[in-house]
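S.K.: Predicted model and sequence below, questions to follow.
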Amino acid sequence: MTAAGKSGAQRPLIIGLTGSIGMGKSTLAQMFEEEGIAVFDADAEVHRLQGPGGKLVAAIEDAFPGTTGPRGVDREKLGAAVLGDKEKLTQLEAIIHPAVGKARMAFFADHKDDEMLVFDIPLLFETGGADMVDVVLVVSAPAQEQRRRVLAREGMTEERFAQILALQTPDAEKRSRADYVVDTGSALDETRAHLRKIIKKLRQGLAQRDE
């Protein structure tokens, strides 16, 4: 994306927020919101689309019979149906990604006059989403801390954790491709201070752009 539309009008700076499972992305997203910056949460949108009455429930049931119920998509059953099977995962992504993309564009339209926006996208690199943002911010933490966080989640197993990691771009590669990296392995106050420095720098860049 470019910073100006066809008419020459400036548009919000788009920050792509991403990171591997258990790295603290949700924490950073909340901090962005506390700083007054709107966040589009791709995961939350997926939950809405797959929840009770969600627009994608019927399509997912057709593609993966037995994975939905009165509460919408049963994420554990769906995960079991696609994890480790690239063909089925691609089939599922073909259902989900266009719908999420449509919601993201609606979010952008609602916030077109904002200074900057955050697109919180877990698979930013894996889906080619890095090309649609202006700045990529990766959250990271030591592998040991990541492992501790993930395995503490209800229903998580070593096998499932390994399967998820296998589908994600390695943390080292994400960090190498990022414009900014925020370490969430430190104290929250340190993480917040680091993020505020990044936001300040981005705002300074916007001020220069608008001069």
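M.R.: Done, it's in. Numbering: from 1, shown residues only.

S.K.: Would you map out the domains in this protein?
M.R.: Per automatic domain parsing, the domain ranges recorded for the chain read 10-38+116-211, 50-110.

S.K.: What about Arg196, how many residues nearby?
M.R.: 12 (other C-beta atoms under 10 Å). Backbone N, C-alpha and C define where each C-beta goes, glycine included.

S.K.: can you check the one 10 residues further on too?
M.R.: Using other C-beta under 10 Å, Leu206 is surrounded by 16 other residues.

S.K.: Verify the contact between it and Val135 for me.
M.R.: No. Counting by C-beta atoms under 8 Å, Leu206 does not reach Val135; the two are 11.0 Å apart.

S.K.: overlap in contacts of these two?
M.R.: Listed as contacting both Leu206 and Val135 by C-beta atoms under 8 Å, 6 or more residues apart in numbering are Leu13.

S.K.: circling back to that earlier point, out of the domains of the chain, deepest packed?
M.R.: The highest mean neighbour count among those, using mean count of other C-beta atoms under 10 Å, belongs to domain 10-38+116-211: a mean of 17.

S.K.: Let me know the average pLDDT across that one.
M.R.: Across domain 10-38+116-211, pLDDT averages out at 93.

S.K.: and Ile198, that's in a strand?
M.R.: No. Assessed with DSSP: H, G, I helix; E, B strand; the rest coil, Ile198 is helix; it does not lie in a strand.

S.K.: Now do the residue nearest to it when sequence neighbours are not counted against Leu195, distance only.
M.R.: Nearest non-adjacent residue to Ile198, counting by C-beta to C-beta, 6 or more residues apart in numbering: Tyr180, 5.2 Å away. Distance, Tyr180 to Leu195, by C-beta to C-beta, to the nearest Å: 9 Å.

S.K.: what does Ile95 give?
M.R.: In terms of C-beta to C-beta, Ile95 sits 34 Å off from Leu195.

S.K.: that older thread, look up how far Gly101 lies from the residue nearest to Ile198.
M.R.: According to C-beta to C-beta, Tyr180 stands 24 Å off from Gly101.

S.K.: Check Gln168 too.
M.R.: For Gln168 relative to Gly101 (C-beta to C-beta), the value is 20 Å.

S.K.: can you give me the helices for this protein?
M.R.: For the chain, the helices defined by DSSP state H occupy 25-34, 42-50, 57-63, 75-82, 86-110, 143-151, 158-167, 171-177, 188-210.

S.K.: Reformat these as CSV; add distance to Leu123.
M.R.: Shown next, in CSV, are these (distance: least, C-beta to C-beta, whole Å):
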stretch, distance to Leu123
helix 25-34, 11
helix 42-50, 8
helix 57-63, 18
helix 75-82, 14
helix 86-110, 9
helix 143-151, 16
helix 158-167, 8
helix 171-177, 11
helix 188-210, 22
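
S.K.: For Ile14, which of those helices is the nearest?
M.R.: Minimum separation from Ile14 across the helices of the chain (C-beta to C-beta) falls at helix 86-110, 8.0 Å.

S.K.: Compute the inter-axis angle for that closest one and helix 158-167.
M.R.: Per axes from the mean of the first three to the mean of the last three C-alpha atoms, to 10 degrees, the angle that helix 86-110 makes with helix 158-167 is 70 degrees.
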